[in-house]
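Predicted coordinates and the sequence they were generated for:
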Amino acid sequence: MTNTTQVTLLDMVECIVESLKLANPNLHEHSVVTARIAYGIGQSYGLNSVQQRDLVVCSLLHCVGTLITNFEFNSDKLQSKIKRVYCRSMYKILSKCSRVENISNIFKCLIFREDINVSTETAKIQSDIVRLSCYIARELDLTENSLVQKSQIVETANNNCIDISTKVKEAFLNVTNKDCFWLHIVSPSARITQLRLKKIKEFDTMLTYKEICSFAIIIAYMIDFKSPNTINHSYGVAITSYYLGVLCGLPDEECDKLKIAGYVHDIGKLGVPDEILYKASKLSQVEFSYIKKHPYDTYRVLEKIKGLKDVRDWAAYHHEKPDGKGYPFNIYAQYLPIQCRILTIADVFSALREDRMYRKRFPKEKVIFELKKMFSESQKDIEIVNLLIKHYEKIELARMVAEVDSYNQYVELIEAVGGKANHDICSVADKKASYLP
């Protein structure tokens, strides 16, 4: 991806936080309040702008792992490890992104408090601030006057957060003496961007393609890991879209963006109730109306990423049809670029090749039959489908390798704290990615 794509760290963080709001408004509210509190304590402590940025990002993302690691425990005794696995999931993902290494170190400190070396001493301070801020946010009743609660919360925080460093507690006591602090952290008008984040110039850092992908994968995990039945769908759509773009002769940057669009195309499903999303029988008209809404929510969430408007459109239009009878925008063929059609076909292909709780994956012959039947009305669509059929084995190999990679990530996160991964997947360990186009 070239430098023409301008995506900042703040853009991606706000997109993920907006996704959290869609999935669980209460968790979103808790995360934002935690970030406001952490920002105030960090400022009182004397953290520099980079450290403040990392502190706020960690505070905003610390609940995202609750969506990523939705699993069964092998033992009731492991309940105390729930929060650690949430943080572990974020640490493992962010540690792959060099630009936010310090943020991943904060999550590491939240996991391994007793095993901290000198190089992460600042991260330990930041993790203490996050833990203290999270505690305060949980104690705070947002429906009541925060000034009335002030004294009680300060007292209980001092008594219960005994392993927080003395200097962090001093910074906390200093800032909580100010009434404006308590009013700000509960103010409905104090949006994320009003945390003065835009005054922290480090949030304007432009991300590389690899870094954008790292954040897009977080979103894919949020979507797919909600259920063992969908743990590899976004990965499959992303890689299939990428290779179809290559086969269609699109520029490298367009193919890279198609992969990102594949990772995030189902963000809107975070707002669909699980009992509808994973229902094995036919949906009622009312239930299907929730499904029809999800591409609109995808569009709305992706609007947060100003530099990826084309990705927003490709992702949000994946249920549109050339005759205007798709949903929810009812867009006609002349307004659907080839990238939209590639993503739509990749989405259908990946779904047909995945096991679902109500059916097994379709074999090659049936996949080809269904694709031809579904996309026969549009010349542009059938040309893409014919390319997929011509290169079926190579594209399917790419999709299966991505499927296994996604599954392995899922198992690694789940089993790290004794969780049980209840999902069988065919092994393709003997197939090599070097054979891909």
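Arrived safely, thanks for sending. Numbering: from 1, shown residues only.

any idea which helix or strand carries the residue nearest the centre of the chain?
Compute the mean C-alpha point of the chain, and by C-alpha atoms, centre = their mean the closest residue is residue 219, 1.9 Å away. Secondary structure from DSSP states H and E places residue 219 in helix 209-224.

average pLDDT for that helix?
What helix 209-224 shows for mean pLDDT is 87.

now stretch 367-386
Stretch 367-386 comes out with an average pLDDT of 95.

mind listing what's buried in that stretch?
Neighbour-count burial for stretch 367-386, counted by 16 or more other C-beta atoms under 10 Å, picks out 367-368, 371, 375, 378, 380-382, 384-385. In short, each C-beta sits where N, CA and C put it, glycine included.

what do you get for stretch 267-274?
Going through stretch 267-274 with 16+ other C-beta under 10 Å, the ones that come out buried are 267-272.

Equivalent analysis for stretch 233-242, please.
For stretch 233-242, the buried set under the neighbour-count rule, 16+ other C-beta under 10 Å, comprises 233-242.

quick one on the thing from earlier: give me every residue that touches the residue nearest to the centre of the chain.
Going by C-beta atoms under 8 Å, 6 or more residues apart in numbering, residue 219 touches 15-16, 19, 234, 263-264, 267.

In helices, which of those appear?
Within the contacts of residue 219, membership in helices is found for 15-16, 19, 234, 263-264, as judged by DSSP state H.

same for the longest helix along the chain, what does it pack against?
As far as residue count goes, and with DSSP H defining each element, the longest helix of the chain is helix 392-415. For helix 392-415, the contact count by 3 or more C-beta pairs under 8 Å, 6 or more residues apart in numbering; DSSP states H and E identifies helix 82-94, helix 209-224, helix 233-247, helix 338-352, helix 364-374 as packing neighbours.

pLDDT score assigned to the closest residue in space to residue 368 that isn't next to it in sequence?
Computed as C-beta to C-beta, 6 or more residues apart in numbering, the closest residue to residue 368 that is not its neighbour in sequence is residue 389, at 5.6 Å. In this prediction, residue 389 carries a pLDDT score of 98.

For residue 136, see how far away residue 389 is.
Computed as C-beta to C-beta, to the nearest Å, the residue 389 to residue 136 distance reads 58 Å.

got it, and residue 384?
Going from residue 384 to residue 136 by C-beta to C-beta gives 53 Å.

What of residue 59?
In this view, residue 59 and residue 136 are 11 Å apart by C-beta to C-beta.

Touching both of the two, which residues are there?
Residues touching both residue 59 and residue 136 (C-beta under 8 Å, 6+ apart) are 34, 37.

Neighbour count: these two, which is higher?
The neighbour count for residue 59 versus residue 136, taken as other C-beta atoms under 10 Å, is higher for residue 59 (27 against 24).

Tell me where the stretch 1-150 of the chain is predicted with low confidence.
Filtered on pLDDT under 70, the stretch 1-150 of the chain yields the residue ranges 1-4, 68-86, 89, 93, 96-99, 113-119.

any chance you could map the helices in it?
Along the stretch 1-150 of the chain, the stretches classed as helices by DSSP state H, counting those that start in this stretch are 9-23, 25-45, 49-61, 65-68, 82-94, 101-111, 121-139, 146-160.

I'd like these as a markdown table, with distance to residue 292 appended.
Output for the helices of the stretch 1-150 of the chain, formatted as a markdown table (distance: least, C-beta to C-beta, whole Å):
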| stretch | distance to residue 292 |
| --- | --- |
| helix 9-23 | 15 |
| helix 25-45 | 21 |
| helix 49-61 | 30 |
| helix 65-68 | 22 |
| helix 82-94 | 31 |
| helix 101-111 | 36 |
| helix 121-139 | 35 |
| helix 146-160 | 40 |
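
nearest to residue 309, of these?
Across these, residue 309 has its closest neighbour in helix 9-23 (11.4 Å, C-beta to C-beta).

related to what we said a few turns ago, what's the closest of the buried residues of stretch 233-242 to residue 95?
residue 235 (19.0 Å).

hang on, that closest one packs against residue 402?
Yes. With the criterion set as C-beta atoms under 8 Å, residue 235 and residue 402 qualify as a contacting pair; they are 4.3 Å apart.
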